[in-house]
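Colleague: Whatever this is, show me its structure:
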Amino acid sequence: MISRIPHFICAITLAWAAAAEAQPPPPPPPPAPGAAAARDVEPPPPPVAPEPAESKPEEEPNATTEGIPDPTQPTPSAPELTTPSEPSQPSEPSQPSEPSDPPEPLPSLSQTPAQPPPVDESSTSAAHTEAREVTDVTAAGLTETSTNPQFIKGDLIHPGTRRLLSRYDHVGVSAGVAAIDGDFFLSITPGMAFYLEKVAFALALPLNFIVMEGGSLNVGSFALRREDWDEVPDYTKLIRFVTIGRKEDNLYVTINSLRPATLGHGMLLSKYQGNIDVDRHMTGAIFDAYNEFAGVEFHANDITFANQVVGTLAFIKPLSFFSDNVLAQSVSLGGEYVADFSAPRCIRTVHNRGICVQGTGHAAGADPFTGESRDHTFIRTDPDTGGPGVNSATVHAAGFSGEVKVYKDERNIDLKFFTTYHQFLNDGGGGGFAAGFLGRFNAGTELINAFRLQTEYRNFGDGFLPGYFDSLYEINKYYYPTSTNAFQVTPTKFQAIFGDPANGFDRPQHDRRHGFNLEASWGLFAGGRSAKQIAFGFGLQDSTGPDDTQFYAHLEYPMLGILQIFGTYMKVSEKDMTSLFNGDMFTAPNTVVLTGARLQILPFMFLNAHYSRNYRVVQSPGSEYHLGNLSIVDDDGLPSPHFKETPLFENVDTFLAEIEIGWEFDDDE
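Modeller: Numbers count the residues shown, from 1 in each chain. The predicted structure follows:
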C-alpha cells in the first residue's frame, strides 16, 4: 500500500495541473489590508496593464478589517461550524477563526441574513503554519459574482470538536438534562461572550445537580456533582476563552479550554485532547509570535500546571533574508520539543505510598508456607479523586523538520514536500523519521470545492510511537492495553513504549517498523472560508508493528442555517487494519465518539444536544482495583476464579440536552 502512495500523489498533481492549464489565469487579487507577513507569504504579482479606454474598470472588492465586519456587506446565509485552529509546524496553515474572533461577513449562496454561526470551544486543527503561511488572498469583499475567489488551503475539518457556541456577543443561561453512564443531572449554565476588536472572552459557570445517581433518585438533595470541582484545574472551567489577537496576527495569546492540538505533522503531538475524562478538566494556554523571517509558538495544557504537557516550536526561513524568489522563500527549517514533565512511570499499590506494581513475578493463590498472597497487583486509589497513585517521570522528545514548495499555481494547486526526524530523550527512547507531501487543491469560483491531501512514509524503531501524545493520552498514560499482553498487569504508556526494567517491564522489541499516514478532506465553500457549507474527511495510519493502527472520520454540516451538526469518530492504538471495523467499533475501549447539534427555535431560544463516549474511573474514590490479568495463574496453570482484572478507566455514554435562553447582539446593538 505504501508503494502506491507516490503514484497516487503524482496522478492527482498531473490531473489538477492539466485542469489548471486549461483555464485562463484569473486577474491577481488585491492585497489584503493589514495582512501580516508569514512564513510562506509570496511577493505581490506585477501590476496588470490597464484595459483600453472603452473598457469599464473593474471595481475593487469591499474589504473588511481583520475581524471587524463591514456593514456594507451582507451576512452569510449559511453559518459555518467554526472550529478554531491551533498552529503546528511545519504543516499547512489553518484559516478557520478562533472562538474569540467575531464572524466575518462573507456572503453565501443567497443574500438573506444568516443565523448566527456557532463556534466550537474545544477543537483545533493539526496545522502549525498560520504563522508559516498566511493566505495571500484576502477573505474580504467576496461576492457571488467574484472572479477572483479565495484560495482555501488551511485545515478543512477539525476532528475532536466537542461543543457549539454562538459567535455573536451574547448573554444567557442554558438549562437541561445531562446523563453520564446512567447518572442523571440537572444542568444549569449561565454564560456570556463578547468579541471585541482585538480582545475576546467567554465565561461560563457549568453546574450539574444530582437527580439520579447509581440508579437511586436524589431529587431532594440536588447536590453539586462532586467530580466537577474536586481538583484545582476544575475551577478554570469558568474560563471558556480569553484571547488577544487572531491566529493570523503577528502576536496571538489565548487562554482556553484546551482544544485538540497537533504540532507539526503529528509525529509527537497528534490531535491531543486534554478533556477526554468526564471527571477532570483542563484549561490551556497558547502563545504565538512571528514575522516574515521566523516565528515561535508555545503550548501548555494546564494553566495551573497540575498537569504538565507542553510543546514548543520555532522556525526560520533562512533564504528570505537574501532573496525574493518564491521558491527560496518557501524553504523553512523548524525545531520542535514536546514533554510531559509529570508522566506516570508506574502505578503504586497505595495512592500516596507503597511500591510500584510489578509487571511479572505474580502467581494466583496463597503461598503454601506463609499463607500470604502471591498476587501483588492490588492497588487502592485516591479517596478524593479516585485516581491511582503513581511514580512520575519526564517523557520528552525533540526533533527538526524542513519543507519546500514544489509546485504552485495562482488558483488550483499548492503542493509542498516535508521531512521530519524526532527522538525521545528519556530512558528507553527511540527515534522516528517521516517524509511526505501536502497538497491543497481548489476548483470553482462561486462554489469552491477545496481538497486537502497529506500522505507520508514513516520509519521508526523501538522506543518510538508516532503521535505519542494523542487523543487518548490522558487515559492511556495510566493504562495502556496492548494486543501482545506481554506482562501480568496492564502497563502505563511509559512502560509499554519505553520499558521499565526495574519494575518488571522490558522494552518491547519490534525492530525497525515501516508505516504510512494518510489524511484527506473536502469542503464546499460559498465564495470564501467563512461560508462553509459542508466538510468531510478521514485519516488512516498503520505500520508493520502492532498497536499503532488508527482511523478517524469527521463531518461538519452547517449549511442548514438554523440547524448545525457535527460528528467525530476515532479509533486509536488498534492491533491491525482488520481490527478497525470489527463488531465493537463504537463501544471498544479505544474508541472516541463525539457528536453535537444546535437548533435555533426562536431568535432568543436555542436547543443544544451533544452525545459522546468519554472516559471515567471505573470505581468510586478509595476503591481497590485488581490490575492483574489472566496470565497470573496458580501451580496448576489456572487463573484465580475470584479476582478478575479491573481496568482503571471505562468508556461511558454521556448525553446533554439543554434549552438556551438569551440574547445575541448584532452589529447595531
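Colleague: Helices of the stretch 351-500 of the chain, residue ranges please.
Modeller: 473-476, 493-498 (DSSP state H, counting those that start in this stretch).
Colleague: pLDDT weak spots in this structure?
Modeller: Scanning the chain for pLDDT under 70 picks out the ranges 1-148, 215-220, 247-248, 258-259, 560-561, 666-669.
Colleague: For it, just list every one of the helices.
Modeller: 5-21, 326-330, 473-476, 493-498 (DSSP state H).
Colleague: ok so, going back, can you redo the helices of the stretch 351-500 of the chain as JSON lines with distance to Lys644 and mean neighbour count?
Modeller: From N, CA and C alone the C-beta is placed, and that goes for glycine too. Formatted as JSON lines, the helices of the stretch 351-500 of the chain follow (distance: least, Cβ to Cβ, whole Å; neighbours: other Cβ atoms under 10 Å):
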{"stretch": "helix 473-476", "distance to Lys644": "20", "mean neighbour count": "23"}
{"stretch": "helix 493-498", "distance to Lys644": "21", "mean neighbour count": "26"}
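Colleague: Mind putting the ones you listed into TSV with distance to Thr549?
Modeller: Below are those laid out as TSV (distance: least, Cβ to Cβ, whole Å):
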stretch	distance to Thr549
helix 473-476	15
helix 493-498	15
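Colleague: which stretch among the ones you listed comes nearest Gly386?
Modeller: Gly386 sits nearest to helix 473-476 of all the helices of the stretch 351-500 of the chain, at 13.4 Å, using Cβ to Cβ.
Colleague: same for that closest one, what does it pack against?
Modeller: Helix 473-476 sits against no helix or strand, with contacts defined as 3 or more Cβ pairs under 8 Å, 6 or more residues apart in numbering; DSSP states H and E.
Colleague: Can you tell me what sits against that helix?
Modeller: With contact meaning Cβ atoms under 8 Å, 6 or more residues apart in numbering, helix 473-476 is reached by 272-274, 276-277, 280, 307, 309, 470, 493, 573, 615, 649.
Colleague: if you set the cut-off to 7 Å instead, what comes out?
Modeller: Helix 473-476 has contacts (Cβ atoms under 7 Å, 6 or more residues apart in numbering) with Tyr272, Gly274, Ile276, Asp277, Lys493, Tyr615, Phe649.
Colleague: Taking the centroid of this protein, which residue is nearest it?
Modeller: Pro260 (2.5 Å; Cα atoms, centre = their mean).
Colleague: Is that residue in contact with Lys271, as I believe?
Modeller: Yes - using Cβ atoms under 7 Å, Pro260 makes contact with Lys271 at a distance of 4.9 Å.
Colleague: Need the overlap of contacts for those two.
Modeller: In contact with both Pro260 and Lys271: Pro159, Gly160, Ser471, using Cβ under 7 Å, 6+ apart.
Colleague: List the contacts of the last one.
Modeller: For Ser471, the set of contacting residues under the criterion of Cβ under 7 Å, 6+ apart consists of Gly160, Pro260, Lys271, Tyr272, Gln273, Ile276, Met570, Val572, Val592.
Colleague: quick one: which of those residues sit in strands?
Modeller: Counted as lying in strands by DSSP state E, out of those, are Met570, Val572, Val592.
Colleague: Between these, which sits nearest Asn517?
Modeller: For the ones in strands among the contacts of Ser471, the nearest to Asn517 is Val572 (12.9 Å; Cβ to Cβ).
Colleague: Other residues contacting stretch 179-188?
Modeller: 173, 175-178, 207-215, 225, 278, 616, 652-656, 658.
Colleague: how close does Phe460 sit to Tyr468?
Modeller: 11 Å (Cβ to Cβ, to the nearest Å).
Colleague: Enumerate the beta-bridge partners assigned to the closest residue to Phe451 other than its chain neighbours.
Modeller: Nearest residue to Phe451, sequence neighbours excluded (Cβ to Cβ, 6 or more residues apart in numbering): Phe441, at 4.3 Å. With DSSP bridges as the criterion, Phe441 is bridged to Ile413, Phe451.
Colleague: Phe441 and Arg411 touch, don't they?
Modeller: No - counting by Cβ under 7 Å, Phe441 stays clear of Arg411, with 10.2 Å between them.
Colleague: out of these two, which sits in the more crowded spot?
Modeller: Phe441 (23 against 19; other Cβ atoms under 10 Å).
Colleague: Name the nearest residue to Gly389, ignoring sequence neighbours.
Modeller: Closest to Gly389 by Cβ to Cβ, 6+ apart is His351, at 3.4 Å.
Colleague: Determine the number of other residues adjacent to that neighbour.
Modeller: 21.
Colleague: That one against Gly386, yeah?
Modeller: No - the criterion here is Cβ under 7 Å, and His351 misses it with Gly386 at 9.4 Å.
Colleague: and Asp511, how many neighbours does it have?
Modeller: Applying other Cβ under 10 Å, I find that Asp511 has 8 neighbouring residues.
Colleague: mind listing what it touches?
Modeller: Applying Cβ under 7 Å, 6+ apart, no residues contact Asp511.
Colleague: now with 10 Å?
Modeller: Residues in contact with Asp511 (Cβ atoms under 10 Å, 6 or more residues apart in numbering) are Gly461, Asp462, Thr544, Gly545.
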